[in-house]
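[1] how would this look folded up:
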Amino acid sequence: MCVRADEKMNVLFVAVDDLRVELACYGQKHVISPNIDALASEGTLFERAYCQQTVCNPSRASVMTGLRPDTLRVWDLPTHFRTTHPDVVTMPQLFMKNGYHSQCVGKIFHNWRQDDWKGDEASWSVPSVLHYNSHANDKPMVDGEVPPNLASGRTGLECRDVPDEAYFDGRVANAAIETLRDLKRKDEPFFFAVGFWKPHTPFNAPKKYWDLYNRDEIPIPTHIEIPVGVPEVALTKDRFDGSQKELLEEMHHGHLAAISYLDAQIGKVLDELEALELRENTIVVFWSDHGLHIGEHGLTRKTTVFELDAGVPLIISVPGLKKGQRTRALAELMDLYPTLADLCELDETPDDLEGESLVPVLHDPASSVREAAMTQTPRPNYLRGKMPEIMGYSIRSDHFRYTEWRDFESGETTARELYDHRSDPLETVNVISEKKFEGTASHLAEKLGEILQGGALDVQRPK
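    I've put the predicted structure just below:
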């Protein structure tokens, strides 16, 4: 159990932005991520975790409410979930109802597009800080003259010899450390959410993190062509020119520097948790809101339902449970809400949560709680408060990714995809038309239908 006889467990809830499954602890040994790797060695690493939608606001709203984007009616960046579900109880709200102090530093809910909501004031015991801004405003803040940009400056690439605190995440880490010290003094159970902005673009980590890597040794994607047989609706409008090899190399260099910079900031926070002697009584959760393409499939953004966008790193470290576990159990980010509610034995947990508690997997990594994990994305990508025209619903099973593109009003399927991860983990060939996969496609279509039937698709469709 999570709760000791004399005290409740704390929760340190660490969110990061646009981090795909690219860390050393996930097998990508070219990545320098020692602090996140150390956290994985202390907890359970989920090898196959997936977001609900591959863009920030819907994904984060889903995580924090335990509800799917269709249920929330949130599919774009500007729409706040309280405009459609004003009385929903968020995860930190539930902790507050159970006697916890709830606090936020950095980006947890969406940011500047929803300034009027201040993230979500109802979710925190005190106002959140370092949350409201735009990634584009992450300019270096230093005393005196700003050092020159040693990168090319193309597509948001920036390499300056500045301290960590020059950018958002360095300041988030410092504020989180001060908050942890305050929480220690308060001597009451806490739910503390810390949201880092990296490795979201711009790739502008301080120079010392660029210097960790030799660009000639950085792997770059080889599958820069769109998948064979892919429907146009599955792609985004931003395409990468495969002839731009030099730019691709620099983008991956900047991306890795951003990951290592992020990792260092997380390490500072975890070190302080340990120094304050809070680690043995604190559950630590680490997650990313969605993934990202950097040239793969000829794309340079998210908002697809390919594995690279849908898959996310997820680590849950619970004191008292076995360390260094890995699981291939399928998980969805909205599973975090019921999982933490179960671990901390919270009362009055909402009965309409759509996630599944991962506690059985934490106790037995060989177990599973779901047959498939669903991710979705609308077309057009950015709806600005409007109903989607087309919705892509994709499920990841043990060996396959199956996707249906549906007219959102009628529910009619207009295109389908199927990728066999046993032979094609990079999803380079859509095999939906191959006769030998007819049975697989039929089974997965039925499974997708079951998931949607149990959710909000029918009731949210316009009448």
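
[2] burial of Thr84, as a residue count?
    For Thr84, the neighbour count with other C-beta atoms under 10 Å is 14. The way it works is simple: take the backbone N, C-alpha and C, and place the C-beta from them, glycine included.

[3] what are the phi and psi values for it?
    With angles defined as degrees, to the nearest 10, Thr84 sits at phi -110, psi -30.

[4] which residues does it contact?
    72-74 (C-beta atoms under 8 Å, 6 or more residues apart in numbering).

[5] With neighbour count, secondary structure and pLDDT added, can I get those in CSV?
    Shown next, in CSV, are the contacts of Thr84 (neighbours: other C-beta atoms under 10 Å; DSSP: H, G, I helix; E, B strand; the rest coil; pLDDT from 0 to 100):
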residue, neighbour count, secondary structure, pLDDT
Leu72, 25, helix, 96
Arg73, 17, coil, 95
Val74, 30, coil, 95
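
[6] nearest to Phe168, of the residues you listed?
    Of all those, Phe168 sits closest to Val74, with 24.2 Å by C-beta to C-beta.

[7] right, and that closest one touches Val55 too?
    No: counting by C-beta atoms under 8 Å, Val74 does not reach Val55; the two are 10.3 Å apart.

[8] Give me the sheet partners of the longest strand along the chain and which way each runs.
    Criterion DSSP state E: the longest strand present in the chain is strand 190-199. Counting by DSSP bridges, the strands paired with strand 190-199 are strand 10-17 (parallel), strand 101-106 (parallel).

[9] For the protein, just list every one of the strands.
    Going by DSSP E, the chain shows strands at 10-17, 44-50, 101-106, 190-199, 282-288, 311-317, 325-332, 373-379, 390-396, 400-407, 413-420.

[10] tell me the most buried of those?
    strand 190-199 (a mean of 26; mean count of other C-beta atoms under 10 Å).

[11] So Leu270 versus Met387, what's the distance?
    Separation of Leu270 from Met387 (C-beta to C-beta, to the nearest Å): 42 Å.

[12] more neighbours, these two?
    The residue with more neighbours, out of Leu270 and Met387, is Leu270; 22 against 14, by other C-beta under 10 Å.

[13] Quick check: the residue of the chain most remote from its centre vs Val162, distance?
    Relative to the C-alpha centroid of the chain, counting by C-alpha atoms, centre = their mean, Gly144 is the outermost residue, at 35.9 Å. Separation of Gly144 from Val162 (C-beta to C-beta) stands at 11 Å.

[14] Need the strands of the chain in JSON lines (columns: distance to Thr339 and mean pLDDT).
    Converted to JSON lines, those look like this (distance: least, C-beta to C-beta, whole Å; pLDDT from 0 to 100):
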{"stretch": "strand 10-17", "distance to Thr339": "11", "mean pLDDT": "98"}
{"stretch": "strand 44-50", "distance to Thr339": "11", "mean pLDDT": "98"}
{"stretch": "strand 101-106", "distance to Thr339": "17", "mean pLDDT": "97"}
{"stretch": "strand 190-199", "distance to Thr339": "13", "mean pLDDT": "98"}
{"stretch": "strand 282-288", "distance to Thr339": "9", "mean pLDDT": "98"}
{"stretch": "strand 311-317", "distance to Thr339": "7", "mean pLDDT": "98"}
{"stretch": "strand 325-332", "distance to Thr339": "9", "mean pLDDT": "98"}
{"stretch": "strand 373-379", "distance to Thr339": "14", "mean pLDDT": "97"}
{"stretch": "strand 390-396", "distance to Thr339": "19", "mean pLDDT": "98"}
{"stretch": "strand 400-407", "distance to Thr339": "24", "mean pLDDT": "98"}
{"stretch": "strand 413-420", "distance to Thr339": "28", "mean pLDDT": "98"}
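
[15] is it true that Met374 touches Leu333?
    No: applying C-beta under 8 Å, one finds Met374 not in contact with Leu333, separated by 11.1 Å.

[16] okay, and the common contacts of the two?
    50, 52.
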